[in-house]
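Trainee: Just to be clear, the model below is a prediction. Sequence and coordinates:
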Amino acid sequence: GQQVMQIPQYQHVQEGEDFTTYCNSSTTLSNIQWYKQRPGGHPVFLIQLVKSGEVKKQKRLTFQFGEAKKNSSLHITATQTTDVGTYFCAGPRNSGYALNFGKGTSLLVTP
Amino acid sequence: NAGVTQTPKFQVLKTGQSMTLQCAQDMNHEYMSWYRQDPGMGLRLIHYSVGAGITDQGEVPNGYNVSRSTTEDFPLRLLSAAPSQTSVYFCASSYDGSNTEAFFGQGTRLTVV
């Protein structure tokens, strides 16, 4: 069935280091979304990518959507302790009515 | 606006008990979903709805029932709780299914003993 794979599962960085998480789908996606979940919190929408090869930036966060629309990445430049949390990518299910989430990458940032 | 409201926030059940997790949204969204989150498993879709009176199964529907009598409410029922249903449950809503951002409730942490 349709799967969204995400790596790495965990990442521990020193504050100021960069961080990247990767997302791969077994099928072509019409769009991909990224969410952040703080410890003890709920997922919060970050961004949606729609176009092949699209790159979007939000301050220190850079999101990319692959040319084949089957992979995506989130890169954080110069991490801060406020970046701690789990980052999920999500793509549409075959039905198009709900999302398939990757298992997430948990980011720990130590000062 | 309150967004997506889930109740209760915490619940402990004994094996075999039943309960309903409540979810309500005030954004007039047609699309609503229930996910469960377990360590290392990400968010797995239980059931979803595309409008009042219409529901469908997701990835892990066994042991759960849903109904959608109004646009605002999408309750999740556990008819006979099992320890395997210990999890954090999230309700989400969106304007246009998977084409627009999903808004999540605060979650319900359920423990079945």
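Mentor: Arrived safely.
Trainee: ok, now how distant is B:Thr7 from A:Gln33?
Mentor: When distance is defined by C-beta to C-beta, to the nearest Å, B:Thr7 is 26 Å away from A:Gln33. All C-beta spots, glycine's among them, are computed from the backbone N, C-alpha and C.
Trainee: So these two - more neighbours on which side?
Mentor: Set side by side, B:Thr7 and A:Gln33 show more neighbours around A:Gln33, with 27 against 13, by other C-beta atoms under 10 Å in any protein chain shown.
Trainee: Any idea which residue is closest to the centre of chain B?
Mentor: The residue lying closest to the centre of chain B (C-alpha atoms, centre = their mean) is B:Trp34, at 3.0 Å.
Trainee: and the residue lying closest to that one once chain neighbours are set aside, what does it touch?
Mentor: Using C-beta to C-beta, 6 or more residues apart in numbering or on different chains and skipping the chain neighbours, the partner closest in space to B:Trp34 is B:Ile46 (4.3 Å). Contacts here follow C-beta atoms under 8 Å, 6 or more residues apart in numbering or on different chains; on that basis B:Ile46 touches B:33-36, B:58-61, B:64, B:66, B:76, B:89.
Trainee: cool, B:Ser84 as well?
Mentor: Counting by C-beta under 8 Å, 6+ apart, B:Ser84 touches B:63, B:112.
Trainee: And B:Val112, by the same measure?
Mentor: B:12-15, B:81-86.
Trainee: Tell me the one among those nearest to chain A.
Mentor: Comparing the contacts of B:Val112 against chain A with C-beta to the nearest C-beta places B:Thr86 closest, at 16.8 Å.
Trainee: Next, work out how far apart the closest one and B:Gly16 are.
Mentor: Separation of B:Thr86 from B:Gly16 (C-beta to C-beta): 14 Å.
Trainee: And the two? Which one has more around it.
Mentor: Using other C-beta under 10 Å, the more surrounded residue of B:Thr86 and B:Gly16 is B:Thr86, with 16 against 10.
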